[in-house]
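*Asks:* Provide a 3D model corresponding to the input given below.
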Amino acid sequence: MSLTDPPQVVDCSIIPVFQVPNEGDVSILNVNDEENVVSEEKRRKKKKKQVSAPRPACSWVYFSREFIKEYSASHPESSGLKAATKAASDAWKLMSIEEKEKYTRRAREVWDNYLSTAPARIPKPRKQTKLVTRCSPGRLFSVLQRLTSEQKDAVKSMGFGSLLGLRCRTLRRSLCLWLLERFNTARRSLEICGERIPLSPRDVEHVMGLAACGKDVVNSGPDDLIADLRYIYNATNRGISVRLLEERLAAPEAGEDFKRSFILYALGTLLSPTARLDVSPSFLHFLINMDAVHQYNWGKFLLDRLVREVSRFRQGKQRAVGGCLLFLQLFYYESISIEGAGSSAPVIIPCLSSWGEEEITEREKRERELGGYGCGEVISRERCHDMESLEYRIQVEGLSGGKMSTGVEHNPVFEQERTQGDEEQMNEDFSMEEICVVNCPKSKGIMCGDMEEIVEPDVRPCCNKEYGCSETVDYTRKNDHEENCTHAPCACPLPACNFVGSSEQLSLHFSSKHWDSGRRFRYNAPLSVSLGMNEQFLVLQAEEDGILFLLNKSVENIGNIAMITCIAPSSSKVNYMYDLVSGKGMTSLRLKSLTENFPGRVEGFPPMDFLLIPFRFLGPAGEINLEVCIWNSTELGSDCP
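*Replies:* Got it, this is the predicted structure:
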């Protein structure tokens, strides 16, 4: 460039200016570098996840791939993949089961191969940080406060008088979560404080005041039998509305309709709530005859439903926890002793009436001071299980000359509702807090005194008299006859039959009325049976003694589950050994186990032995082919001939 050339303007904006970074800039650069490293690690993890083998496709995918390929070749004028997929969907809907079998078989083979080669996946434990439950003692408490004296008498006459002493209005959800983690549903026990504490119907009787003897509650039968009741209670597929029951209980009448509505409401809010705020219409089956409600074993029913609901929750079948969680909470308070918790205080039976909001708040405060739940000691004492005492077994009319109404014996709190004159007259005879059965062993925390009156024997027929039992029961003495009675009722397993009777009566009924609805077999001899795709059970009847068995089937995600149960009272100690064999080609699966006793069909699959049959073992029409052998001996060394 010469001196005569005009000067050129230089754009300084494009010239980079280098500056020495200060400390703040250096920290910003370091943060950016860390973010880049973190994002890079996330990309690597994402790539690793993508490398894992994908899950196998279903039968529809295999069909659609072939169909779309052929459809696109034969219809070049089609508008693309959307039209081809629509045509494949229409064709799939019109295909029969036999036509789909080709693709179903292929999907099963790929799935079985995937399960056999894929590494075992460790299931993530369910992290339940917030308890979801429909167990609401507060709702029942509010309804109880509005009951009239006539309605309370009706509640007592049904054997639910202990609920009138309910004082707890809220669940301690943190405690319930802690107990659920330690609730062994298979063993029916709580594993806390280094010990395993078994739960039994007697514990329900001790805590909730519900009878632990009598007939089993069978909530099954034909729908036409309860059609009128379903209409009265506006029962839908979801159930009976709890709010509707609240409205019906607001009426002042205390007749049969009130009794039925009260039991349904108590079941739906406290004793046997499910995952929804509705009551199952199946409960109407044992509420047809309201005169027999007090004869049922409600303690066993409550415990069975609690175990079932907790098991369903752990299996992931429902989000909420069903069952009577209040029972678990109060059982913990009564079973675990902590320092300064009033261990010398007398026990009030049932314990339901001794735990109000103030007592529970004080107990929770003391638990926190000691470091949390489980810091106490298991109480080793008689929980009145061995005492057939006044509060559950003796008719109080026999002791007081008819001065007390039925059901008052379940809870001394009810005495506060009487007039002052009645209380003075009653106290002349005996005090509910100080009486004890003659020869009752004194134990810590239980107030017992000498009776001034001699207890007359309370002898009554067995509650299973209508089913053929001729025994009489003395309720003033320890007697386990009703719990082990062989005449306890069993229900016919066929959905269209509502017959209920003893196991012997049921055998004769099935032989004469439903001889063509099951399969007859001989003990110790194998029998080939088949269960169709839509069949849930098959009735098996022994030729030698007429005993009924159920071959139960359930469909799960990876196959079918099969097991055998015996239709007999749950208290029966007789078990039968059986074999189940399922085979395909050179491969066979076998289960050798003992039958469990149920007084009817099995609801769901309780925790017991079963045979898992993969889908590839099914027949062409989806049926299960099994070889069954049942022995009339429980010797484990026996084998089929």
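*Asks:* nearest residue to residue 521 other than its sequence neighbours?
*Replies:* Leaving aside its chain neighbours, residue 521 sits nearest to residue 527 (4.6 Å; criterion: C-beta to C-beta, 6 or more residues apart in numbering). The C-beta positions use only the backbone N, C-alpha and C, and glycine is treated the same way.
*Asks:* likewise residue 244?
*Replies:* Once flanking residues are discounted, residue 244 sits nearest to residue 234: 6.2 Å by C-beta to C-beta, 6+ apart.
*Asks:* any figure for the gap between the one you found and residue 168?
*Replies:* Using C-beta to C-beta, to the nearest Å, we find residue 234 at a distance of 31 Å from residue 168.
*Asks:* ok, now residue 463?
*Replies:* Counting by C-beta to C-beta - residue 463 and residue 168 are separated by 30 Å.
*Asks:* and if you look at residue 541?
*Replies:* 48 Å.
*Asks:* and residue 520, by the same measure?
*Replies:* Per C-beta to C-beta, residue 520 is found 53 Å from residue 168.
*Asks:* looking at those two, which is more packed in?
*Replies:* residue 168 (21 against 13; other C-beta atoms under 10 Å).
*Asks:* report the contact partners of that one.
*Replies:* The contact partners of residue 168, by C-beta atoms under 8 Å, 6 or more residues apart in numbering, come to 137, 141, 326, 329, 330, 352, 355, 356, 357, 360.
*Asks:* what is the least confident helix or strand in this protein?
*Replies:* Taking all helices and strands of the chain together, the one with the lowest average confidence (mean pLDDT, DSSP states H and E) is helix 396-400, at a mean of 33.
*Asks:* what mean pLDDT does stretch 300-315 get?
*Replies:* Confidence over stretch 300-315, taken as the mean pLDDT, stands at 89.
*Asks:* report all helices and strands that whatever helix or strand residue 629 lives in contacts.
*Replies:* Applying DSSP states H and E as the criterion places residue 629 in strand 624-630. If you count contacts as 3 or more C-beta pairs under 8 Å, 6 or more residues apart in numbering; DSSP states H and E, strand 624-630 packs onto strand 527-531, strand 537-542, strand 548-555, strand 559-567, strand 577-584.
*Asks:* just say which of these is most tucked in.
*Replies:* strand 559-567 (a mean of 22; mean count of other C-beta atoms under 10 Å).
*Asks:* residue 74: neighbour count?
*Replies:* The number of residues packed near residue 74 is 8, by other C-beta under 10 Å.
*Asks:* and it, what's its pLDDT?
*Replies:* For residue 74, the model assigns a pLDDT of 84.
*Asks:* where's it relative to residue 87, distance?
*Replies:* Using C-beta to C-beta, one gets 10 Å for the distance from residue 74 to residue 87.
*Asks:* ok, back up a step: put the alpha carbons of the strand holding residue 629 into PDB.
*Replies:* What follows is strand 624-630 as a C-alpha-only set of coordinates in PDB (Å, rounded to 0.1, in the frame of the first residue of the first chain):
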ATOM      1  CA  ILE A 624     -54.700 -77.000  30.500                       C
ATOM      2  CA  ASN A 625     -54.200 -80.700  30.500                       C
ATOM      3  CA  LEU A 626     -53.300 -82.200  33.900                       C
ATOM      4  CA  GLU A 627     -52.800 -85.500  35.700                       C
ATOM      5  CA  VAL A 628     -54.200 -85.400  39.200                       C
ATOM      6  CA  CYS A 629     -53.700 -87.900  42.000                       C
ATOM      7  CA  ILE A 630     -55.100 -87.400  45.500                       C
END
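*Asks:* what pairs with that strand, and is each one parallel or antiparallel?
*Replies:* Paired strands of strand 624-630, with direction, are strand 527-531 (antiparallel), strand 577-584 (antiparallel) (DSSP bridges).
*Asks:* residues making contact with it?
*Replies:* 521, 523-531, 540, 542, 549, 551, 553, 560, 562, 564, 576-583, 595, 613, 617-619, 640.
*Asks:* kindly report the same for stretch 247-257.
*Replies:* Contacts with stretch 247-257, where a contact means C-beta under 8 Å, 6+ apart, come from 143, 146-148, 150-151, 153-154, 232, 258, 261-262, 265, 290.
*Asks:* can you pick out the most distant pair from these?
*Replies:* Using C-beta to C-beta, the pair of the contacts of stretch 247-257 lying farthest apart is 153 and 232, separated by 23.3 Å.
*Asks:* need the contact list for residue 171.
*Replies:* Applying C-beta under 8 Å, 6+ apart, the residues contacting residue 171 are 131, 133, 135, 136, 137, 325, 326, 329.
*Asks:* and which of these is nearest residue 91?
*Replies:* residue 133 (47.0 Å).
*Asks:* roughly how far apart are the residue nearest to that closest one when sequence neighbours are not counted and residue 297?
*Replies:* Taking C-beta to C-beta, 6+ apart, and ignoring the residues beside it in sequence, residue 133 has residue 321 as its nearest neighbour in space, at 4.8 Å. Going from residue 321 to residue 297 by C-beta to C-beta gives 24 Å.
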